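Chemist: Sharing a model that was predicted from the sequence below.
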Amino acid sequence: DLNDAYAEFKGALKIFESLEDDNGIAICYENLGDTFMKMGDIREAIHAYERCLPIKVETWDKVGEAQCLDNLGLAYYSLNE
């Protein structure tokens, strides 16, 4: 269930934030973005991906940066505006 997935990702995010684990935080935001996409809440997905991207940039994770940019592109494409 997507609501359960959302709750688990939010719980993990709080833990990673308390640990100051940037990689875990970025992964949680990416997972939340994916969950919002499946829920059809594209604007929230974009917000989550936008929270993920600077962390990937700051930690020099080029693959993760590319994935975030790809996810953002798909989300904006899905808005069809």
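Modeler: Cool, the structure landed.

Chemist: Give the buried residues for the helix or strand Y77 falls within.
Modeler: With elements taken from DSSP states H and E, the one containing Y77 is helix 62-79. Using 16 or more other CB atoms under 10 Å as the test for burial, helix 62-79 gives 64-65, 67-68, 71-72, 75. For every residue, glycine as well, the C-beta is placed using N, CA and C.

Chemist: could I get these as a markdown table with pLDDT?
Modeler: Output for these, formatted as a markdown table (pLDDT from 0 to 100):
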| residue | pLDDT |
| --- | --- |
| G64 | 94 |
| E65 | 96 |
| Q67 | 96 |
| C68 | 97 |
| N71 | 97 |
| L72 | 97 |
| A75 | 97 |
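
Chemist: Among these, which one sits closest to F9?
Modeler: Compare each of the buried residues of helix 62-79 with F9 using CB to CB and the shortest gap goes to N71, at 14.5 Å.
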